[in-house]
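>>> Mind looking at a prediction? Sequence and model below.
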Amino acid sequence: MAQAIDPAIEKLGFDEALAELQRTVAELEAGGQPLEQALALHERGAALLEHCNRLLTTAELRVKQLVAVAGKGLQAVDVKPEEAQEAPERAEP
């Protein structure tokens, strides 16, 4: 059963969501919360993590679609992160 996405989380950009996730994790690691509050923090953290992953996947797909190939304009190229290489230096005309 899929959970509804919190509209407040859905509006966050990646950097904001990541910072919120880091704060949530730090609060959970600090401990001392009642069980219900700890569960709520865990659920929020899971939702933030899912949102960050969704944003990263979307960004990755956009990058794959806009890889410039020298002399050929833009071309869709499937690049896995572990196979990525730095772009070669461009020669000045």
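Thanks, I have the structure now.

>>> Tell me where this protein has helices.
7-10, 14-30, 35-65 (DSSP state H).

>>> Make a markdown table out of those and add mean pLDDT and mean neighbour count.
Quick note: C-beta positions are derived from backbone N, CA and C, even for glycine. Formatted as a markdown table, these follow (pLDDT from 0 to 100; neighbours: other C-beta atoms under 10 Å):
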| stretch | mean pLDDT | mean neighbour count |
| --- | --- | --- |
| helix 7-10 | 90 | 12 |
| helix 14-30 | 96 | 14 |
| helix 35-65 | 91 | 14 |
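
>>> give me every residue that touches residue 28.
By C-beta atoms under 8 Å, 6 or more residues apart in numbering, residue 28 lies in contact with 38, 41, 42, 45.

>>> Same question for residue 52.
By C-beta under 8 Å, 6+ apart, the residues touching residue 52 are 14, 17, 18, 21.

>>> ok, the second one touching residue 10?
By that I understand residue 17. No: contact criterion C-beta atoms under 8 Å: residue 17 and residue 10 do not qualify, at 9.5 Å.

>>> list the contacts for residue 33?
27, 41.

>>> Residues contacting stretch 15-27, please?
Under the criterion C-beta under 8 Å, 6+ apart, residues 9, 12, 33, 41, 44, 45, 48, 49, 51, 52, 55 lie in contact with stretch 15-27.

>>> how close does residue 12 sit to residue 40?
18 Å (C-beta to C-beta, to the nearest Å).

>>> same check, this time on residue 15
When distance is defined by C-beta to C-beta, residue 15 is 23 Å away from residue 40.

>>> Could you do residue 5 as well?
Distance of residue 5 to residue 40, given as C-beta to C-beta: 16 Å.

>>> same check, this time on residue 11
Residue 11 is 19 Å from residue 40, where distance means C-beta to C-beta.

>>> next one: residue 20
Distance, residue 20 to residue 40, using C-beta to C-beta: 14 Å.

>>> now do residue 29
Taking C-beta to C-beta, one finds residue 29 at 16 Å from residue 40.

>>> how about residue 34, phi and psi?
phi -60, psi 160 (degrees, to the nearest 10).

>>> Show the contacting residues for it.
Residue 34 makes no contacts at all, as judged by C-beta under 8 Å, 6+ apart.
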